[in-house]
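In: next come a sequence and a model predicted from it.
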Amino acid sequence: TAFESMKDLQEASGQGAYAPFVDRSEWELADWLVKNVNQRATDDLLKLPIMCERARPSYRSTHTFKKLIDQLPTGPEWYCEIVHVRSDAEGPGEANDGEDHQADELEDGSEELELWLRDPVACVRELIGNAAFRSEMAYTPEKVYINPNAQTRHYDKM
């Protein structure tokens, strides 16, 4: 799978499991920064003396941090399709708000929009190929019970 190939490549080049980060601690800090802190605050945090003198992450600024983030696998590629939509109805808050919305419309009265998407088959291939999900995937039906003594079965749409 793609994930196994990536792992083999990391091992062959001497990189650890948390590459491009040095170790698990640095990976966890990066994960927390991405989820909780904006770029300016990230830069401010990385310049604090405690970070420079004690924690010493391999990234010293938002710029170097983002360069490491860009090295992470991205999954199936995004692509853009232009779609034309036409509506006879006005949406909420669009009627007589004083702005000229005709500028967005084409001559035929339709509007050109960007639709960003990924190939769903490639997404499913990546999920199935991800070793992290291997123990969570089931390809055969299973019986699920609501109570511990297996008296009452749970039926689901899936």
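Out: Everything's here; your move.
In: what's in contact with the one helix or strand in the chain whose mean pLDDT sits lowest?
Out: Averaged element by element with mean pLDDT, DSSP states H and E, the chain has its least confident helix or strand at helix 2-12 (a mean of 78). With contacts defined as CB atoms under 8 Å, 6 or more residues apart in numbering, helix 2-12 is touched by Gly16, Ala17, Ala19, Pro73, Glu126, Gly129, Asn130, Ala131, Ala132. No exception for glycine: its C-beta is placed from N, CA and C like everyone else's.
In: residues of the helix or strand just after that helix that come out buried?
Out: The helix or strand immediately downstream of helix 2-12 is helix 24-36, counting by DSSP states H and E. Judged by neighbour count using 16 or more other CB atoms under 10 Å, the buried positions of helix 24-36 are Glu26, Trp27, Leu29, Ala30, Leu33.
In: for ChimeraX, write the select line for the buried members of the contacts of helix 2-12.
Out: In ChimeraX, this line selects whichever of the contacts of helix 2-12 come out buried by 16+ other CB under 10 Å:
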select :19,126,130
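In: can I get the contacts of helix 2-12 in CSV including pLDDT and distance to Thr42?
Out: As requested, the contacts of helix 2-12 are exported to CSV (pLDDT from 0 to 100; distance: CB to CB, whole Å):
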residue, pLDDT, distance to Thr42
Gly16, 84, 23
Ala17, 83, 24
Ala19, 88, 20
Pro73, 81, 22
Glu126, 87, 28
Gly129, 84, 32
Asn130, 84, 28
Ala131, 81, 30
Ala132, 81, 26
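In: go through the stretch of helix or strand Ala41 belongs to and flag the buried ones.
Out: For Ala41, the host element (DSSP H and E) is helix 39-46. By neighbour count with 16+ other CB under 10 Å, helix 39-46 contains the buried residues Thr42, Leu45, Leu46.
In: show me where the protein has its helices.
Out: 2-12, 24-36, 39-46, 49-50, 62-69, 120-129 (DSSP state H).
In: out of the contacts of helix 2-12, which one sits closest to Thr64?
Out: Nearest to Thr64 among the contacts of helix 2-12: Ala19, at 15.1 Å, using CB to CB.
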